[in-house]
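Participant: Requesting a structural model of the entry that follows:
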Amino acid sequence: MPEDSIEHINFDDLNNRAISQPLVKHIYTADPSAHVFNGKIYIYPSHDIDAGDAFDDLGSHFAMEDYHILSMDSPTGEATDNGLALHVNDVSWAEKQMWAPDAAEKDGKYYLFFPAKAYDGIFRIGVAISNLPVGPFVPQPEAIKESFSIDPAVFKDDDGSYYMYFGGIWGGQLQRWRTGTFNAEQPESPFAFLPNDQEPALCAKVAKLTDDLLEFAEVPKDVVIVDENNQPLLQGDNDRRFFEASWLHKYNGKYYFSYSTGDTHFLCYAIGDNPYGPFIYAGRILEPVVGWTSHHSICEFKGKWYLFYHDSSLSKGVTHLRNVKVTELEHDENGMIKTIEPYK
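Facilitator: Residues are numbered from 1 along each chain as shown. Next comes the predicted model:
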C-alpha cells in the first residue's frame, strides 16, 4: 500500500475490515516463517524495533537485533512468545540487522537460519542450533561459506533433501553479486548494479544443503521464473518479478515458489516440477497490505493450508514496525492459489 496513502487511513476501520488480527501485540513481529513440529505450529519471525535509524531504500531503519519464536496449538489459537531465542551479540561474525529467518528440523535438532550484516557491511547467512524448536539457539562461529544476501527459506523435500532459497534486491544486496563476487565499487545504493528493465530479472538463489545443514552442498543456482511463453520475467516487470521473501511449498506433487515483488507490494507464486525450477508464473497470493513490505510463509496444518504474513496495522502504518497474521489459504481444483484480499 503506497506510503503517501497511510495518513488517510482510518486504522480502527481498517482493523475492523482486516481478515485477521495480529498474533501478538506486545512486540512487533514480521517476516513469519511457520512450520509444524511435533504437531504444533512454530513461527520464526523478525523482531521489529524502533532503533531511530532514518528511513532509506537500503532498509537501515529495519534494525532488528534478536529473534523471538512464537508457538500456537492451532492456527485459530493464541500465540505464545517464547522469549529471546538468539541475539546479535551472541553471533561473533554479525554486527547488525538480523533480518527474516527460517528454521528446519532434522534428527531431533532444530536449525535457525538467519541473515545479518557482517562487520564488513555485507549480508551473510548464519546457522544456529537448539535441542528445542523455541531455542535458545547456539550460533555457529562463522556464517555459511559463500553465503550472501538475505531471506533464507529452507525446504525439506520428500526424499529428505534440504534446499535453501535466499536473496533480496535493493538493501538485500543481491544485485551486487551479479558477477559472482560482491561489487563495492560505488557508494552503496539500492539501484546500483540492477539489470535494465528489458533484461531478465534478478533471480532468487537455491542451493542444496549438506547433510548436517551447516553449509551449501553446491554452488547456488538461479531460481528462474518464466512467463506463459517460457521466457524469463524481465526486470521491468515490477508486478511479477522477484524482489525478496522466497518460500517453497509442495502441493499435489508440484513445487510452489512464492515471493514478494517488493516495491509493488504483491505476494506472487510460480509453479515448477522440481526444487530448482524453472517456475512458471501463476498469479498473486496476497494483495497489498498496509505498510511497505510483504513477506510470508505457507504451512499445512491438519489437512488445511495457511498463509502467515504481516502488515503494519498495529503501529498504524509505521513501515518498520509490523505485526504477524495468519489466514487460511486455498488451492482450487486445478492447484491454483486463490488470491487473498487482506481487508474486506
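Participant: now the strands for the stretch 101-250 of the chain?
Facilitator: Assigned by DSSP state E, counting those that start in this stretch, the strands in the stretch 101-250 of the chain fall at 102-106, 109-118, 123-130, 138-139, 153-156, 162-166, 204-208, 221-223, 225-226, 244-251.
Participant: Just the mean pLDDT for the longest one, thanks.
Facilitator: Per-residue pLDDT over strand 109-118 has a mean of 98.
Participant: Show me what it pairs with in its sheet, parallel or antiparallel.
Facilitator: strand 94-96 (antiparallel), strand 102-106 (antiparallel), strand 123-130 (antiparallel) (DSSP bridges).
Participant: Could you list the residues in contact with the shortest one?
Facilitator: Strand 94-96 is contacted from outside by A63, E65, V88, A116, K117, A118, Y119, R124, G126, A143, using CB atoms under 8 Å, 6 or more residues apart in numbering. Where you see a C-beta, it was placed from the backbone N, CA and C, and this is true even at glycine.
Participant: quick revisit: looking at the strands of the stretch 101-250 of the chain, which is closest to A270?
Facilitator: Nearest of the strands of the stretch 101-250 of the chain to A270, taken as CB to CB: strand 225-226 at 4.7 Å.
Participant: Tell me where the chain has helices.
Facilitator: Listed in chain order, the helices of the chain (DSSP state H) span residues 11-17.
Participant: How about the contacts made by the residue nearest the centre of it?
Facilitator: For the chain, A245 is the residue whose C-alpha lies nearest the centre (CA atoms, centre = their mean; 3.4 Å). By CB under 8 Å, 6+ apart, the contact set of A245 is D31, A100, D151, G168, S258, Y259, S260, L267, S294, H295, H296.
Participant: Now, of those, which are buried?
Facilitator: Buried residues within the contacts of A245, defined by neighbour count using 16 or more other CB atoms under 10 Å: D31, A100, D151, G168, S258, Y259, S260, L267, S294, H295, H296.
Participant: wait, what's in contact with the last one?
Facilitator: By CB under 8 Å, 6+ apart, H296 lies in contact with P32, A245, W247, S258, S260, L267, I285, L286, L307, F308, Y309, H310.
Participant: How much space separates the fifth one from L286?
Facilitator: Pointing back at S260 there. 9 Å (CB to CB, to the nearest Å).
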